[in-house]
Structures are given as structure tokens and as C-alpha cells.
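A.B. asks: predicted model, plus sequence, below.
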Number of protein chains: 2
Amino acid sequence: MEEKEISRAVISRLPRYYRYLGELNDEGVERISSQELSEMMKVTASQIRQDLNNFGGFGQQGYGYNVRHLYDEIGSILGLDKKHNLILIGAGNLGQALANYVNFEKRGFIIKGIFDRNEDIHGREIRGIRVQPMENIEQFMKENDVDIAVLTIPKTGAVKIAEQLASYGIRGIWNFAHIDLNLPENIKVENVHLSESLMKLSYKMNASGKEK
Amino acid sequence: MEEKEISRAVISRLPRYYRYLGELNDEGVERISSQELSEMMKVTASQIRQDLNNFGGFGQQGYGYNVRHLYDEIGSILGLDKKHNLILIGAGNLGQALANYVNFEKRGFIIKGIFDRNEDIHGREIRGIRVQPMENIEQFMKENDVDIAVLTIPKTGAVKIAEQLASYGIRGIWNFAHIDLNLPENIKVENVHLSESLMKLSYKMNASGKEK
């Protein structure tokens, strides 16, 4: 690989750049300077230049960045130039909320199958996709090119299901179950631990209250 | 304040310590060494000691940590020893999922009011709480000791509503709207940008695919 190692901090900032550049592009903006981007995003222009330098000469001195080009480049770094087929495991409230969220589809994340252990909802359709029993996952993955599983199930059982998914060849897990999955390194996991996020908010409020 | 400044990285790890300690406590474990915690949590024992040292002498050489004590201390640092009253703005799928998530309540986060702009669902109950029109928020906040607003509305309008909430005296916003709110510093914001999290997963999968 030609590319240098990109730090985790930079990567975690890329989706935000992508969002701002997408909005600028939608508004028809063609070029933007690091200074203008800095004002919009409330980060320093030098951090923007440093971050974007990681991906080679996108910016031109005095001309700023080509919005569309930078947007596409970051999209491609984020893997958004390819389609991803998803299965959703857990069709409760949160699973349904995610299945109904159209923006994921716009970004190339397509939910292909929905699975739940609750018999009562088998056969029910969520956005045109029939909820199936968990036992069907293996066969479904053989017949469909699924690369991501979205886990919206309680933490009990999540580790076991993640291990099964791994054995069926899943490549990535978007994990909403409030537990660490500890899978082999070739299977990528991104956790969304909602209670932990709420605790961070509570921490910030608590810490700032004490300063008064 | 006696406490030293705690780094953001340490803070972001606290909820995870809290989760593991809570589980240990539930299992009746009274003491744990940094080494044992290290094996469970897959982080180095020295990082655990360093992190927990930030909060003063919780550990005793040779005895390990008192699980219950450490759990309570971290809970208090995270502000979980107090009750927080929440209002939920946006009663769509995601809002309903959050309202139905009992774990928040166990941690002292109590949803007191639910508001939505959609007239069709006004009066409908979600977990015993009636959905009200947005116009009622101001009065509701005067009559109830609300400190956190959960924003589960589309990004259009989110900034304006956040500003209104700020003027009504909200102290914290848990923001699921896919936009930056840019509020005064005394109002704490924690963002959950789900599409950005999914992009990070896609990045990891994409980067690891290239290494093959």
C-alpha cells in the first residue's frame, strides 16, 4: 500500500468531513478553503489541512479544496463507493428504527434480511422485508452476499450469535448489544453502546455543575 | 476542586469500567485485581491502574479493587448517583425505541415528557407517557425539573429546537439529529450520529480488505 498509516483520531473525524462536504456539494458549492471549512466545522484550519493531507494533495494553495473531488475521495476511503448488504438481527423497536432509516440506503447500506427470535413477528414485513426466524440466517448468508450484520438484540445471547455470524463468514458487525463481542481480528466491529453515550452526557453535566 | 483534570480519553473509558464492575458486582464478586480486570476487558493492567489512579487510591497493593466501592465511585463521577429527568423530542421509531429502553431508567434517567410535531400521534401513549405537541415544551419545562432533552428528530429544525431548549434552561442534549448544534458551552451535548458510526465500520472493513 502506498498510503501511510492513518491515525484513529483522523479516521474518526472523516465521517464528519464527509457530512459537511456532502452538504456543500448539495448546495452547489464547488471550492472551499480550509479557512471557510474551519469556520463551519469549528475546528482549526490547520487541523483540517493536517487531516486532509493524510490522503494526498487534495488542496491547492490559494484555490482551496474541490468539494466534489474531496467528497468522493473521502467516500471512497470510507468504503462508501461500494454497496454493502446488511442483515438485521433483532426486529424490536431499535431494529425497526434502523430498518426504516432511509439515509443508510442512500449511502449504499442495503438491508437484505431481518431476523428475530420472536415467533410472533415472523412473516411480518418491515419496509418490505419479511422477518425470519434466526435459524434461517446461515442459509440466507449462503444465498446472499451479506457483509454486515446489525445486532440489535439484548446482550444475553449476543456473543453466541456474533460467533455464529463469524463462522458463516460475516465481515463486519454493527453492534448495539451492550456487551463486548471479542471476535477474531478479521471481523470488524463497531459498537454503539447507547447507555454509555448517555453516561458521557451525564458526566459532562456533572463535571460542569461542580465548577460553579 | 481537589480533583485533577481528567483527560477525555479516560472519561470515554469510564462507562466501560462501570459496565464491567456492575456485572462483577451483580455476580457477587467483591474484589478484583487490575490483572483480572485486564484479562476481562482486553486492556493492559497498567492502563487500568493509570486510569483508575485518576480518581485517587481506589486500589490497594496486593488486595486489588473493592468492586462495589469502585463501581459506586465511578457511578458518582459519571453523575449516576443523581436522578435525571428527560424529555424526548421526536416520537418516531428511534424515539420510541429509546423510550422503551428500560435500562436508562435503572441508571436514573427518567423520561418525563414526549413531544412530537406530528398531530396524528398527539395523545398516544408510549410507555404510559402521552405524546404532546411541541408547543407544550416551554410550559412543561417550567412545571417539571427537566435537565436533559433527547433529540430524535430529523436534522431540519433540530438547530432551532435546540436553541429553544437552551432558552428554556435545558442543561444537556442527547442529540441523535445528524447535525452539529453549536450551543453555548454551559449546555452539554452528546452526539450519537448513527450514520457516522456505520461509516466507521465500513472504513475498517474497507481498509482491512485492501491489506489482503
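C.D. replies: Perfect, thanks for sending it. Everything numeric in this text was worked out from a predicted model, so none of it was measured.
A.B. asks: name the helix or strand of chain A that has the lowest mean pLDDT.
C.D. replies: Ranked by mean pLDDT, DSSP states H and E, the weakest helix or strand in chain A is strand A:59-60, scoring a mean of 62.
A.B. asks: burial measure for the residue lying closest to A:S46 once chain neighbours are set aside, as a count.
C.D. replies: Closest residue in space to A:S46, ignoring its immediate chain neighbours: A:S34 at 7.9 Å, by Cβ to Cβ, 6 or more residues apart in numbering or on different chains. Using the backbone N, CA and C atoms, a C-beta is placed for each residue, glycine as well. Under the neighbour criterion other Cβ atoms under 10 Å in any protein chain shown, A:S34 is assigned a count of 19.
A.B. asks: check A:N85 too.
C.D. replies: Neighbours of A:N85 (other Cβ under 10 Å): 16.
A.B. asks: same deal with A:I32?
C.D. replies: A:I32 is flanked by 21 other residues according to other Cβ under 10 Å.
A.B. asks: tell me the phi and psi of it?
C.D. replies: phi -150, psi 140 (degrees, to the nearest 10).
A.B. asks: my guess is it contacts A:L24, does it?
C.D. replies: Yes: with contact defined as Cβ atoms under 8 Å, A:I32 counts as touching A:L24 (6.1 Å).
A.B. asks: spit out the residues that contact those two alike.
C.D. replies: Common contacts of A:I32 and A:L24, defined by Cβ atoms under 8 Å, 6 or more residues apart in numbering or on different chains, comprise A:V67.
A.B. asks: before we move on, what SS does A:V131 have?
C.D. replies: Classification of A:V131 by DSSP: H, G, I helix; E, B strand; the rest coil places it in strand.
A.B. asks: what pairs with it across the strands?
C.D. replies: Taking DSSP bridges as the rule, A:V131 bridges to A:I114.
A.B. asks: tell me which residues touch it, please.
C.D. replies: Here A:V131 is in contact with A:91, A:114-116, A:121-125 (Cβ under 8 Å, 6+ apart).
A.B. asks: now do it against A:K160, distance only.
C.D. replies: Separation of A:V131 from A:K160 (Cβ to Cβ, to the nearest Å) stands at 20 Å.
A.B. asks: cool, A:L14 as well?
C.D. replies: Look at A:L14 and A:K160: by Cβ to Cβ, they are 33 Å apart.
A.B. asks: ok so A:I110 is a strand residue?
C.D. replies: Yes: assessed with three-state DSSP, A:I110 lies in a strand.
A.B. asks: sec struct for the nearest residue to it once chain neighbours are set aside, please.
C.D. replies: Closest residue in space to A:I110, ignoring its immediate chain neighbours: A:N85 at 5.7 Å, by Cβ to Cβ, 6+ apart. The assignment at A:N85 comes out as strand when based on three-state DSSP.
A.B. asks: residues touching A:N85, list them.
C.D. replies: Contact analysis of A:N85 by Cβ under 8 Å, 6+ apart lists A:110, A:112, A:144-148.
A.B. asks: now swap in A:D120 and tell me
C.D. replies: So A:D120 contacts nothing (Cβ under 8 Å, 6+ apart).
A.B. asks: pretty sure it is in a helix, no?
C.D. replies: Yes: with three-state DSSP as the criterion, A:D120 is part of a helix.
A.B. asks: distance of it from chain B?
C.D. replies: 16 Å (Cβ to the nearest Cβ, to the nearest Å).
A.B. asks: repeat that for A:I126.
C.D. replies: 10 Å.
A.B. asks: close enough to count as contact, A:H84 and B:S202?
C.D. replies: Yes: between A:H84 and B:S202 there is a contact under Cβ under 8 Å: 6.4 Å.
A.B. asks: next, show the common contact partners of the two.
C.D. replies: Joint contacts of A:H84 and B:S202 (Cβ under 8 Å, 6+ apart) are A:109, A:148, A:172.
A.B. asks: identify the bridge partners of the second one.
C.D. replies: Under the criterion DSSP bridges, A:I148 forms beta bridges with A:L86, A:G172.
A.B. asks: mind pulling the model confidence for it?
C.D. replies: Per-residue pLDDT puts A:I148 at 97.
A.B. asks: tally of neighbours for it?
C.D. replies: Residues lying near A:I148 (other Cβ under 10 Å) number 25.
A.B. asks: ok, now which ones touch it?
C.D. replies: Neighbouring residues of A:I148 by Cβ under 8 Å, 6+ apart: A:84-87, A:109, A:170-174, B:201-202, B:205.
A.B. asks: pLDDT weak spots in chain A?
C.D. replies: Along chain A, the parts satisfying pLDDT under 70 run over A:1-5, A:56-62, A:209-212.
A.B. asks: at 50 instead, please
C.D. replies: Applying pLDDT under 50 to chain A flags residues A:1-3, A:211-212.
A.B. asks: quick revisit: of all the shared contacts of A:H84 and B:S202, which comes closest to chain B?
C.D. replies: A:G172 (4.6 Å; Cβ to the nearest Cβ).
A.B. asks: thought that closest one was touching A:D147?
C.D. replies: Yes: judged on Cβ under 8 Å, A:G172 makes contact with A:D147 at a distance of 6.2 Å.
A.B. asks: now do the shared contacts for those two.
C.D. replies: With Cβ under 8 Å, 6+ apart, A:G172 and A:D147 have common neighbours A:84, B:205.
A.B. asks: is A:E73 part of a helix or strand, or is it coil?
C.D. replies: What three-state DSSP gives for A:E73 is helix.
A.B. asks: having no further points to raise, I will conclude here.
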